[in-house]
Structures are given as C-alpha cells and as structure tokens.
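1. Quick one, what's the 3D model for this:
(2 chains)
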Amino acid sequence: MKSLRFLFLLGMLFAAILARADITLRFTVWDGDESSNVLKKELAKFEAANPGVKVKFERSDFAQYFDKLLTQYAAGVAPDVVMMDPGNFQRFARRGALLELNKFYGDIPGFDIKGYYPSIVKAHSIKDSLYVLPRDIAPIAVVYYNKTLFQQEGIAFPSPDWTWDFTPHPEKGDKDFLTVLKKFQKLNAEGKPSRWGYVPGWNTLLVDLFFFSTGGRYVDDPEDPKVLKFDDPRLMKAYQFVSDLTLKDKVIPSSFDQAGTNARQMFTQGKVAMFHSGIWETPQLRKEISPVSEGGFEWDVAIAPAFAGGTRAYPTGGSGYGIMSSTKHPKEAWRLSEWMAGKQGMLAMAKAGIAQPAIRKYALMEPWIPGPNTPAEQQVPANRIITDQAEPFVVFPPTGILYNEAANLARQPEALVYTGDARADAVFPGSNKIGQNRLDVLRRELDLPPFNWTAAGILGILIAVVLGIWIYAPEFGKRRTSRQKRENLAGYLFIMPWLFGLTVFTAGPMILSLLMSFADWDIIQPARWRGFGNYTEAATVDPVFWKSLSVTLIYTLVSVPAGIVISLILALLLNMPIKGIPLWRTCYYIPAMASPIAGSLIWIKLFQPEGGLLNAVLLKIPGMLTLLGPLVGANGQVNWLQNEKTALPSLIIMSLFGAGGGMVILLASLQGVPTYYYEAATLDGANAWRKFKNVTIPMISPALFFSLITGFIGSFQVFTQAFQMTQGGPNNATMFFMLHLYNNAFRILRMGYASALAWVLFFVILIFTFIQLQGNKFVYYEGSDK
Amino acid sequence: MALRNTPRALDHAAAKKSAQNAALFGLLTRYSSFLLLIFGAVVFVIPFYVMLAIAFKSAKELGATEIWGWPKNPTFENFVYVWTNPNVSFWLFLKNTFVISTLGTLGVLFSSSVVAYGFARINFAGKDRLFLLLLSTMMLPGIVTMIPTFILYAKIGWVNSFLPMTVPAWFGGGAFNIFLLRQFYLGIPRELDEAAFLDGANYWTIFSRIILPLSGPALATVGIFAFIYNWKDLLGPLLYLNDPELQTNELGLSTYNSLQASQWHLVMAGSVIVMIPLVVLFFIGQKSFVKGIVMTGGK
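-> The predicted structure follows:
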C-alpha cells in the first residue's frame, strides 16, 4: 500500500517535470474572424506535430496592433512569433527587436528561401538579411468583373493584354480601358450616371496604378527614403486624371457616388461592371454575390491593365511572421514560423481563399488554383493564376521608418483633388516641400549622449520635493489646536485611498514621462539625452504643432460650451413631469452607450456626401443649398468630412451627440434643488425666467462648473473620432493635438518628442483650468463654509 | 440667499393679469418643450436606428440597398452568427466585461465617495493645492504614461489579468469622479453636519449616515458613468489582456472589423448585443435620480 502511494507520488512528480518541460510560444496576428479560425486550426496541427511545444494564439486589431507590440516589448513581455508586413517591420528590425532569420535556414531540412517569391522576400529584408518569413503576397492587380453584365452589353471580357492611357483609343476596341469604361457608362435623364464600368477599391489605388505604370515612384530609395517625389509631374497627372475620370467624365464612381456603400458593394449590387482590389475580397464576394438563378451574376477575375506605353506595375500588399529578439525559444519560434509561413499554413489560407501563398510552387497548385478536387463553392474566381502573373510587376510601399510621417504631410491635399476643390499641380508642389522639410529634419542624425539615469532620478525626486513644498507652503508656521489636529488626521484618512493610488500607480509614470520629454526615446532602444531640444523643435520646426494646437483650441471653445447648453436644455426638459420620462432619458443617453467601434462606422455613413443622411435631410430644406453655397463641392453636395471647411464642424456636430453625459450630471443636480425654494419664489411672484435665473442656475452652478472644467480637460485631449474617421485630414483640418502626439509616439517612435508635446498640452490645459477656477466665486455652494 | 433678487409682492390687479399670462405662457412652453423633446429624441436616436437597420440586414441585402433603409426582410441571422460563433464567444466576452465593470464600478463608488468627502468637508493641511494636483492628473495625455504604467504592471505580474482594470479603481476611483462627488457634497447644507457634530457624531458617521444617503442621484451618476466607461473601454483590455479566454466585448467586436474584411452587419449585431445590458442598466439606474430626492436642508 505504502509503495503504491510512493509510486503515485513519484508519478506525480514526473508528470510535473514533464509539464514544466512544455514550452509555450505566444503567436500574435491582426487577422480578422475568418482567417483567425484558419490559423487556430493550423496551430493545433503544429502542436500535434511538435510535442512539448504549446502555442498561445493572440490577436489585436491592425489599428492598435503595433502600439500594443511596442508596449509589450518595452516591458519585456512581447510575444515570440509576430505578424509583420513590409510597411512596418523596419522600425522593429532596424532597432534590433526582430531576429535575423537567415541563420535558421539550415535548421529545417528541405527549407529553401528561393522557393518564395523574390519580391516579397526582398520586401521583408534589409540588405540581405531576412527579418520576416513571408506568408502571402497580394498584388493589388485583381479586377473582379461581372461576366453576366459583360455578356449582356456584348463587351469582350478583360483580356490579359488590355491597356489604359490618358486618352481613349477606340481603335483598340474592348482592349482599351477607357473605351470599355465609356461603353458601360449609363446616364439618367439629368445626366447623372447610374452605372459605371469600373471602380477601384479606394481612390489612391488607381492613382498608384497610373503613377507606377508610367514609371513613377514616391521616393528615391524605398528602403531608406531621402527624397519625396509627390511633386513628380507623373503623380500630379495621375491624381488629376483620377479626379477628372470621376468628376468630369463620370466613368468612375467618385466617393460621392458610392452612396452610403463602398466600392465592393457597388460591384455586388451590379452598379459597376468591374471592381479593382486585392484577392482578399474573395471570401466576402462569395458570400455577397448570389448565383444567376437567384438574381445574381457570374463573375471572375482579370489582371489590371498595363499602360499603353507598354509598362506594367501594380501596388501590392503582403505579410509574414517575424521572431521577436526577446524570445527565449528562438529555435521553436522558427519552427512555428516556418510551419505557419510554409506549406501547411499557406495551403490552409489558400483554401479559405484569403491569401495567395508566398511560396510560388503552392501558388500554382490546388487549392489556390481551382482544380478537380476543389469544392464547387471555391471554384470562383477561376482565373486565380493572375496573382502569379502580376507578381513580377509589384511595387511595395516605401518602408523607411520616417516615410509615413513625411508622406502623410505631402499627401494632405489629395482629398481636395478628389472633391475637385483644387487642381493637383496647384497643391502638391507645396505639400511635397513641407513633407521633404520634415524628412530632412528627422533624418539629421543627432549624435546625442546617453540618458543619464542617475541625474534623471535625482531630478525626479527633486520635482517631487518641490511639488511637496509648494503644496504645503501655505501651512508653514501655522499652529493647530488639538481639534484641528484631529480634523487634519481625519482628512488624510479620508483621502488616503487616492493618495496611495497616486503614489503607487500615477505619480511614477507621470514623472517618467516628464523626464522622457528631455530625451530622444524610440521605445525599443535606450533613451538619449536631448535637453530642451524637443520643446524647441515643437515651437520652431514642427510644421503641424501650431496648426494642431489651433484646431484643438477651436474644437474645444466651440464644442464644450455648446455641449453644456444642450445638456442643460435636455436636463431641464427631462426634469419636467412628463409621462414616460425614463424612456425619454434613455433615448437621449443612447449615443453615449453605443460601442465606439460601431459609432465611428455609423457616423462616417451619416456624413457621406451623396446618399448620406445629413445631406439627404439638409439639402431638401428649401434655400439650404444657397445658404450652404460656399461649402458645396463640385458634385453639388456638401462633402462634410472631405472638405477643409466642414471637416472640423462635422466632428463638433458629432461631439454634441454626447450631450447625454452632461445631461445626466445636470439632472442629478436638478434633483437636489429643494422644491420649497421654488414655492417661495412663486409666492414672491417670480416668473419662470426669474426662477430659472435666480434659483435653478445658482443651485446647479456646482455641476455646471464641473461640466465646464472637465469638458475642457477632456476636449483638449480628443482623439478617437479623428483617429478613426479623418486621420487628421483633409489638409490637416482635423489634425488634433492628440492625433499629432499619437503619430509621433507610435507611428514614428518618437516617444521623447511625444512626451514633450504631452507636457505642453498639460500646461495649456492647466492655464485654462486656472482661468476657470477664478470663476469659482460665482459658484454657489449651499454647504460652503465661506 | 439665492432668492435675494426675487421681486416683492405686486399689486393685486397686476398679479391677476400676470397669473393669466403665466398660465397661457406655461401651456405654450409646455407644448413647445414637448415638441422639442420629441424632435431631439428622434435626432439622438438616429445613429442607433442605423445600427439596428444594419444589424437586421443579411450580408446580401446590406450590399444591395441603402444603408439606412429598414431591411425588407429583417433577419436574426447576424445575431445568431455572432452569438454562436465558437471562435468569438460573446457569452464569454460579456461575462468578462461584466466582471471587470462590476469590480471597477464598486471600487470607484467606494473610493471616490470617501475621498470626495475628505475634500468637500474636512480641513486638512494642503487641501486646496492637493485638490489642484488631483485635477492635474487628468490633464496629462494617457498616451505618454501608457508605457511606464504598462511596465509597472508587467513588473508586478499583472499583465494578462483583470487587475490593471479593476484594482486602481479602489484607490481614488479617478479624479473625474472625485471632483464630481465633491461638487455635490458641497451642495449639501453644512447645518446638517454641525447638528450631528453637536450630537457627538464623528466624521465617518456623518459621511455614512448623512452625506451618503443624501447623495443618491450623484452616486447613481458616478456608478453609471464608471460602469459604462469600463464596459466600452477598448485600450485597457487591448493592452493588458492577451489570452482569448480573457477578451472583452470591444475586442470581440473588433474581430469583425478587421483589415481584410469589415463585416458591418456583424459589427452592428454585436454592438446591439453588448449595448442591451447598458440600456437596461441605465433605464433602471436613472430612477434613482428621482428616488434620491434630496430635501436639502429639511430645516
């Protein structure tokens, strides 16, 4: 019996050792619902094939994926294997956060990097070092076309050798892009198009196609850009051409014509004969297009046209897996990467129709290329071989770390060109210069001394001491009675939770960010000392600093008072004895309860120019069109979010829908007004207005005061709307201070500079709060002892 | 005090006339405010209507019709899909979010009500400047403290747990909430405290027996705000939670709005699901705005 127990214990011990021997790898991606499912199944297969290795699947949205990764890396808790793409891997690789993969090649028998498409390997390499093992390549050369519509109109299907040019070539017949477009165009009685031949997935895609295939590129060296070329005549011509095709010739639906839908939906609705994008649209199209028998249509894919001059070039996407240098298990991480970005992973993704394998061999066989074993529902599109044919002509976006920031500045006026408010050659030379200046400034390698942590630590303690002295300065030399001493103690006991939380959770990070504002810190590498350099850069060099400050100031000064007035009106209305009051209050508070993700999507559609609800209602009001005259674009609509004059007001309007929050506070305050004050006022013969002015307002002034101060503090830091809806455009009209700060912190990894910006904002808000606190004497506190 | 400016008694005839005018005026304002109320409610509900209209459309109909038209064939298929998708389990997300929101809200209610009482009613050394310090913690953008804070939590092993979203709430509960409650406490007449003092009550008794019971509406406001804030929070869960089993509502919704495929109908159906508990909570909770009627200074 005893020996049995001993054996049992031994067994337990053994099992524990075995369990500990298990290695757990963390694997993270930004894939959506559908491809995540495919990946999870593959991970399970990997675990089965590699006993002792467990994989934890993690995902986050692309919008925040890299922020999270950087934060985790800084704290030493980054995942092992991470999804990367050509546009983003450099900022990790160049700073040593990703492992070079070449040294692992020999670990897996039969592994051959030459089997991968060379273009995607090069796009994920710096010089000859590979940092990301490619899993897919997605040339954006896929033209989905409506076969049924082509047949109805008697137009030949797009052939592999069709071409585009700036002028139509009717002699080429259906092999000429513009001729086909013209044939499909259908105008209604008012001359407005109701059907189009072609729609690009997004406007810039068509610009890229035209620009690249006429030989243009955005920068001199995509790996390490030094010169921006947004003033290239070919680019300006391409922009203008796209604008003219949509607004003048009306052969391509403008963003205005995409009435409340998007390019893909216009295609699935049969309003457009061709839809240009990447192969990743396939799963969604399979779901949305019904078979002919149910009123749908037949469809397939063709390769996008070449330039009549004979050259061919396509923008492209692609992604793969990298290994973070912080991993403890590089060998296993490599095995996992190779599994997911090798035969198994690629074929699984190909089967789902999501991604073309990055290994050419698999891109040429089933299931990517439909064959006899392919299920019926996966047979369309049949012509998937074009992704392979397009590969030699792909152009990857520039990958230099600073490119995004500079290009963002240079690209600012594009929205004005698309709406017809400006000509490309009038605006791009100027914006290119701004972007180039910024690039030059950022490129100037600063030879900075390392950050002195001892000095910084002393400085941090010094700041805390000075703050403490300031707080208690008025108390020095005061004598307290024993009762006052007791009161003092009681006060500190009551605020103890906050004091503790402040010291432990808040103070450290705040002081650290202040110290970082004197540093050059990219999150990945150690900080370097920069003195007041960040602050002087903000005030004198940064082209967006003052603009973003004024945008934020205007937004705050308009939206906060307007919001409080609306909140007050709502609170007064909803404080009346009306039936169903809980229901009414809920109605007004509903916008504040909606999920932020859904909220932004809905608002984009409400502001949509053509078919958008706001325009649909507003422009129906007689005289409104004349009133809004100066704001109406070339399309006869108000392009709320795309117009420099209306973008900020649009976001202000949107913010007013949050008035429900203020309403709740004021309602609670109104409930605290004793009714006998009103009774007394009535007895004194006061009318409604006098009661409002002399009873209501003073009694709720503490809540109004609160709304004003917190409203300002919150509004100065507004970020989400612009981040999700406008990205600061058009022409920086909605470049909020926080958005600029965010871009610096996470997009170009200038956390030191971002910290300086944050502290500038801190003091701006502090000044405004000080001014408002002077108004405290107008606030009536019933329980005040003053 | 507030009544200092009210006019004194008027003569009889003028009073009668003004009473008639007032009645008419009252009727007019009543009707016009009612109309205003309806109009405003319609406007405020539009975004929610759009959300519903999309949520009830099939993927095919969404592609084929105006986005705000009510679906011709309303369908529950999106709700069923979102609810039953085994890879994105909304049941689990709701549960996680509920745990975080409840713990966070309780923490906020406890600590902000206590701290606010200290700032509103007790004189202690450095109070005014400490209060300014409290306000100033709201003024520094969170983006720059995000990484140091994350490092702090990673060092004490809190990453990949609910602790970073719930524990700090028990230590202060946020400057916003403390400030809000302080403003309300300041509106409660001091005579009440002083009378209790004379009866021998201590600070804690006054706080728990007099101030708290009189602050129903304010506490309800803070509670609702805190709950909704936690419920809708994306950044906290995004940074601190890695395991799929720990994910929350907003993270779940974001899987349907990925780079490759933005599936609007599913995003909206999911949004409606996660919104229902909030609407119910608000509907019930707002009654306490009325119930907590403060007969301030029942002298």
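2. bridging residues for the residue of the stretch 101-250 of chain A at minimum distance from chain B?
-> Distances between the stretch 101-250 of chain A and chain B by C-beta to the nearest C-beta are smallest at A:Ala138, namely 9.5 Å. All C-beta spots, glycine's among them, are computed from the backbone N, C-alpha and C. In this entry, A:Ala138 is beta-bridged to A:Gly317, by DSSP bridges.
3. can you tell me which residues contact it?
-> Counting by C-beta atoms under 8 Å, 6 or more residues apart in numbering or on different chains, A:Ala138 makes contact with A:Gly278, A:Ile279, A:Trp280, A:Thr316, A:Gly317, A:Gly318, A:Ala355, A:Gln356, A:Thr387.
4. Nearest to chain B among the residues you listed?
-> Nearest to chain B among the contacts of A:Ala138, counting by C-beta to the nearest C-beta, is A:Trp280 at 4.7 Å.
5. Could you list the residues in contact with the host helix or strand of A:Glu487?
-> Using DSSP states H and E, A:Glu487 falls within helix A:482-501. Outside helix A:482-501, the residues that touch it by C-beta under 8 Å, 6+ apart are A:480, B:110-111, B:114-115, B:117-119, B:122-125, B:127, B:130, B:134, B:168, B:170-173, B:178, B:202-203, B:207.
6. Could you check how far it is from the centre of its chain?
-> How far helix A:482-501 lies from its chain's middle: 45 Å, per C-alpha atoms, centre = their mean, to the nearest Å.
7. do the same with stretch B:216-228
-> Taking C-alpha atoms, centre = their mean, one finds the center of stretch B:216-228 at 6 Å from the center of the full chain.
8. got the contacts of A:Ala138 as CSV, with neighbour count and pLDDT columns?
-> Converted to CSV, the contacts of A:Ala138 look like this (neighbours: other C-beta atoms under 10 Å in any protein chain shown; pLDDT from 0 to 100):
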residue, neighbour count, pLDDT
A:Gly278, 24, 91
A:Ile279, 27, 89
A:Trp280, 21, 86
A:Thr316, 25, 92
A:Gly317, 23, 88
A:Gly318, 26, 90
A:Ala355, 29, 85
A:Gln356, 30, 89
A:Thr387, 27, 89
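9. coming back round to it: and the contacts of helix A:482-501, which of them are in helices?
-> If you go by DSSP state H, the contacts of helix A:482-501 have B:Phe110, B:Ser111, B:Val114, B:Val115, B:Tyr117, B:Gly118, B:Phe119, B:Lys127, B:Leu130, B:Leu134, B:Ile178, B:Tyr203 in helices.
10. Now rank the residues you listed by neighbours and give me the top one.
-> B:Ile178 (29 neighbours; other C-beta atoms under 10 Å in any protein chain shown).
11. re earlier: okay, buried residues for the helix holding A:Glu487 please.
-> Within helix A:482-501, the residues scored as buried using 16 or more other C-beta atoms under 10 Å in any protein chain shown are A:Glu487, A:Asn488, A:Ala490, A:Gly491, A:Tyr492, A:Phe494, A:Ile495, A:Met496, A:Pro497, A:Trp498, A:Leu499, A:Gly501.
12. per-residue confidence averaged over it?
-> Average pLDDT, helix A:482-501: 90.
13. Using CSV, write out every CA atom in that helix.
-> C-alpha atoms of helix A:482-501 as CSV (Å, rounded to 0.1, in the frame of the first residue of the first chain):
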residue,chain,number,x,y,z
SER,A,482,-5.9,69.7,19.1
ARG,A,483,-9.3,69.7,17.4
GLN,A,484,-7.7,71.0,14.2
LYS,A,485,-5.1,68.3,14.5
ARG,A,486,-7.8,65.7,14.8
GLU,A,487,-9.5,67.1,11.8
ASN,A,488,-6.3,67.1,9.9
LEU,A,489,-5.8,63.4,10.6
ALA,A,490,-9.4,62.6,9.7
GLY,A,491,-8.9,64.5,6.3
TYR,A,492,-5.9,62.4,5.5
LEU,A,493,-7.6,59.2,6.4
PHE,A,494,-10.4,60.0,4.0
ILE,A,495,-8.2,61.0,1.1
MET,A,496,-5.8,58.1,1.8
PRO,A,497,-7.1,55.8,-1.0
TRP,A,498,-6.4,58.5,-3.5
LEU,A,499,-3.0,59.4,-2.0
PHE,A,500,-2.0,55.8,-2.1
GLY,A,501,-3.1,55.3,-5.6
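14. Out of the ones in helices among the contacts of helix A:482-501, the closest to chain A would be?
-> Ranked by distance to chain A (C-beta to the nearest C-beta), the ones in helices among the contacts of helix A:482-501 are led by B:Gly118 at 3.0 Å.
15. mind listing what the closest one touches?
-> B:Gly118 sits next to A:Ala490, A:Gly491, A:Tyr492, A:Leu493, A:Phe494, A:Ile495, B:Phe124 when contact means C-beta under 8 Å, 6+ apart.
16. And for the last one, the neighbour number?
-> This points to B:Phe124. B:Phe124, neighbours per other C-beta under 10 Å, totals 19.
17. how much space is there between it and A:Glu782?
-> Noted for B:Phe124: a distance of 22 Å to A:Glu782, by C-beta to C-beta, to the nearest Å.
18. swap in the second one?
-> The spacing between A:Gly491 and A:Glu782, counted by C-beta to C-beta, is 21 Å.
19. ok, now the fourth one?
-> Note on A:Leu493: its distance to A:Glu782, by C-beta to C-beta, is 25 Å.
20. Repeat that for the first one.
-> A:Ala490 sits 22 Å away from A:Glu782, going by C-beta to C-beta.
21. ok, now the third one?
-> Computed with C-beta to C-beta, the distance linking A:Tyr492 and A:Glu782 is 26 Å.
22. Sketch out the low-pLDDT regions of the stretch 301-450 of chain A for me.
-> Scanning the stretch 301-450 of chain A for pLDDT under 70 picks out A:445-447.
23. ok, which stretches of it are helices?
-> A:330-340, A:343-351, A:360-363, A:386-390, A:403-410, A:414-418, A:424-443 (DSSP state H, counting those that start in this stretch).
24. can you list these in TSV and add distance to chain B?
-> Below are these laid out as TSV (distance: least, C-beta to the nearest C-beta, whole Å):
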stretch	distance to chain B
helix A:330-340	16
helix A:343-351	11
helix A:360-363	18
helix A:386-390	15
helix A:403-410	16
helix A:414-418	21
helix A:424-443	19
